[in-house]
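> Here is a sequence together with a model predicted from it:
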Amino acid sequence: MNMLQADQVARDARYAAIEDSLRGRAFEQARIRAQDLLRLAPDDPDALRLLGAALNGAGRHGEGEAAIRRALALRPDDPRMHNSLGAALHASGDRARAIAAFRRATEVAPTFAPSWQNLATLLIEEEDNAGALHALDRLLALQPQLLRARILRSDVLRRTGGGAETAAEYRRIIADHPESAWAWYGLANLKSVPFSSDDIAQMQQLHAASADPRERMALGFALAKALEDDGRYADAFAHLTEANAAARREMPWNATAFSAAIDAILAAFPAAAAAPPNSGGGAIFIVSLPRSGSTLVEQILSSHSQVGGGGELPCLDDVIQAESRQRGQREAAWTRAATTADWERLGADYLQRTTKWRDPQRSFLTDKTPANWMRAGAALAMLPQARIVNCRRNRLEAGFSCYKQLFTGGSTGFSYAIEDIGAYWRDYDRACRHWQAHFPQRFFDLSYEGLQAEPEPTIRALLDFCGLDFEPACLTFHENRRAVSTLSAAQVREPLRRDTARTHKYGALLDPLRSALGLPPFAAPAATEEY
């Protein structure tokens, strides 16, 4: 081995050590190792790329992006550089430029599989289902048996309305990978697929043998759904208890800190200033607890000829977070000092960010992000003509439905412990009562159970609140074939159901949840279970 070869071997070993540190999330160690390598070779593109990844992992996104851009300038046709830049931009919250970076990586090297996977993931976040399917198909052409890609593709199919096709694809994945916990979970998450006794036995066997905590957790949620459908409520609840405890360890939630944050927001609003009163016409925010009918309400509204369904848009949160970073203050602090011009600017920013979801033939756009109930004050200060529809569901049904669901977002960490569900519901309830009291003409409570009992009067009242004429298509919302990204995609493509209540089947097993929500035990009359 000559000296050049020996030098390359040593350098490769250093790269490997840095990558080991990154995989172990030892970002400071990775940074030090990368900088040591750069002292020997200041223009080493791979060392710069790895330094950028380390800085990015440590939350130093600006410095990380700068290091990766230096590497990219030295090696502009290396897909790894564009891929790393995309990862850095995504971590900093700049999804648009991250997507552009991943696209560029696929252009310079169409056979570089990681960029297709990263591009697909971001396009799913952006609800670009057609683009995500294209990226996943390109990825699977390179790696046909890549299990994660097949599962992601099935989820995109679920969003676009192919319920039977999606179930069939999950069944094909299970046939090829019967040990895949996430394939079983994905099938269960369709909500409408029945499981046979053989399916349940197979999942139980996998669950008992699983050594991976996350896979065991996913199987626990899947089994709970299958066992509930089979009428085995005690067994279903036992799996839910174990699975939620595992999720709680992985995704802790600080209920005290969250309540304090809500206190601060409510104290700051309504703000003294707001955008000009004619701002924000056409914006309809739909808020709720998770699993409380918000997707159904959006489906009803988007069946109107003048309403486009935006889905769960990140835009309001992005606007608030960007302003908070720029000011170096939390939302509750800077909103007190915000001027009319500030709110007008922020409203214009929101409208600009939502442009790509707007249909020029429709005057209204829904933004169905349940947790925006926290931001109703800011939304109405930015967009005084906007309307907010709050979907209220029986608190026990809503809370238990959350407890039965393994969510993907960090804002739902409350759902894995019964006492946290109770605390979160109280924060939601008092906040929505606050907004209703201060903005009675712009904040509308819609009862999920009222919608089930009296669909047409409830839908007419909803349309009237939004400033929309009645259209019969809103009553036949299930015929609307728009893409739906949420967990309720299959349900909203069916006629309205009146048999969605499940808690009575569990009887006294749910008494701890009843207590956390301020409700009497199971033996008390159902009429006392208030909304």
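Now that the structure is in, tell me what you want to look at. Numbers count the residues shown, from 1 in each chain.
> Lowest-scoring secondary structure element of the protein by mean pLDDT?
Lowest by mean pLDDT, DSSP states H and E among the helices and strands of the chain is helix 3-23, with a mean of 77.
> What's the first helix or strand after that helix?
Using DSSP states H and E, the helix or strand that follows helix 3-23 in sequence is helix 27-40.
> Can you give me every residue that contacts the closest residue to A66 other than its chain neighbours?
Spatial nearest neighbour of A66, chain neighbours left out: G52 (7.6 Å); criterion: Cβ to Cβ, 6 or more residues apart in numbering. Yep, even glycine has a C-beta here, placed from its N, CA and C like the rest. Residues in contact with G52, defined by Cβ atoms under 8 Å, 6 or more residues apart in numbering, are E63, G64, E65, A66, A67, I68, A71, S84, L85, A88.
> before we move on, what about V307?
Counting by Cβ under 8 Å, 6+ apart, V307 touches I284, L301, R362, S363, F364, L365, T366, C466, L468.
> Quick check: phi and psi on the fourth one?
Backbone torsions for S363, taken as degrees, to the nearest 10, come to phi -80, psi -20.
> how close does it sit to R214?
Between S363 and R214 the computed distance is 44 Å (Cβ to Cβ, to the nearest Å).
> try the first one
From I284 over to R214 the distance is 37 Å, taken as Cβ to Cβ.
> Neighbour count: those two, which is higher?
A direct count of neighbours by other Cβ atoms under 10 Å for I284 and R214 places I284 higher, at 27 against 14.
> pLDDT on the helix or strand the more buried one falls within, on average?
Assessed by DSSP H and E, I284 sits inside strand 283-288. Averaging pLDDT along strand 283-288 yields 97.
> contacting residues around that strand?
Strand 283-288 is contacted by residues 294, 297-298, 301, 307, 316, 350-351, 354, 364-373, 376, 379, 383, 385-393, 432, 466 when judged by Cβ under 8 Å, 6+ apart.
> Buried ones among those?
For the contacts of strand 283-288, a burial check counting by 16 or more other Cβ atoms under 10 Å picks out 294, 297-298, 301, 307, 316, 350-351, 354, 364-373, 376, 379, 383, 385-393, 432, 466.
> what about the helices in the stretch 401-531 of the chain?
418-438, 448-453, 455-465, 511-516 (DSSP state H, counting those that start in this stretch).
> and the second one, what's its mean pLDDT?
If you average the pLDDT over helix 448-453, you get 95.
> Just the buried residues of it, please?
Of all the residues in helix 448-453, those buried under the rule 16+ other Cβ under 10 Å are Y448, E449, L451, Q452.
> Quick one: residues in contact with that helix.
Against helix 448-453 from outside (Cβ under 8 Å, 6+ apart): 292-293, 296-297, 391-394, 458-459, 496-498, 500, 531.
> Mark which of the residues you listed are buried, thanks.
Buried among these (16+ other Cβ under 10 Å): S292, G293, L296, V297, C391, R392, R393, N394, T458, I459, L496, T500.
> Excluding residues flanking it in the chain, which one is nearest the second one?
Nearest residue to G293, sequence neighbours excluded (Cβ to Cβ, 6+ apart): Y448, at 4.0 Å.
> now R97: how far from R60?
18 Å.
> Looking at those two, which has the bigger crowd around it?
With neighbours defined as other Cβ under 10 Å, R97 and R60 compare such that R60 has more, 18 against 15.
> how far away is that one from R33?
On the measure of Cβ to Cβ, R60 and R33 end up 16 Å apart.
> Could you do I320 as well?
For I320, the distance to R33 equals 37 Å [Cβ to Cβ].
> helices and strands around the strand or helix carrying D263, which ones?
Applying DSSP H and E as the criterion places D263 in helix 255-268. In terms of contacts (3 or more Cβ pairs under 8 Å, 6 or more residues apart in numbering; DSSP states H and E), helix 255-268 is packed against helix 331-334, helix 376-382, helix 418-438.
> Which of the ones you listed has the lowest mean pLDDT?
Ranked by mean pLDDT, the helices and strands packed on helix 255-268 end with helix 331-334 at the bottom, a mean of 90.
> could you say what helices and strands that one packs with?
helix 255-268, helix 315-327.
> ok, H177 - how many residues close by?
Residues lying near H177 (other Cβ under 10 Å) number 16.
> With the one 4 residues further on instead?
A181 is flanked by 22 other residues according to other Cβ under 10 Å.
> From D342, how far out is it?
48 Å.
> now swap in P42 and tell me
Noted for P42: a distance of 43 Å to D342, by Cβ to Cβ.
> ditto for R80
From R80 to D342 the distance is 41 Å (Cβ to Cβ).
> Low-confidence stretches in the stretch 301-450 of the chain?
Along the stretch 301-450 of the chain, segments meeting pLDDT under 70 span 409-410.
> returning to what we had before: let me know the closest of the contacts of V307 to L475.
L301 (12.3 Å; Cβ to Cβ).
> So what angle separates the directions of the strand or helix carrying the closest one and strand 283-288?
Using DSSP H and E, the element containing L301 is helix 294-302. For helix 294-302 against strand 283-288, the angle by axes from the mean of the first three to the mean of the last three Cα atoms, to 10 degrees is 150 degrees.
> Please state the offset of whatever helix or strand comes next after helix 294-302 from the chain centre?
Sequence order places strand 307-309 as the next helix or strand after helix 294-302, per DSSP H and E. Put simply, strand 307-309 sits 20 Å off its chain's centre (Cα atoms, centre = their mean, to the nearest Å).
> Strand 307-309 pairs with which strands, and in what direction?
Strand pairing for strand 307-309, using DSSP bridges, gives strand 364-367 (parallel).
> What lies in contact with the strand it pairs with?
Contact with strand 364-367 is made by 282-286, 298, 301-302, 304, 306-311, 313, 315-316, 354, 357-359, 466, 468, as judged by Cβ under 8 Å, 6+ apart.
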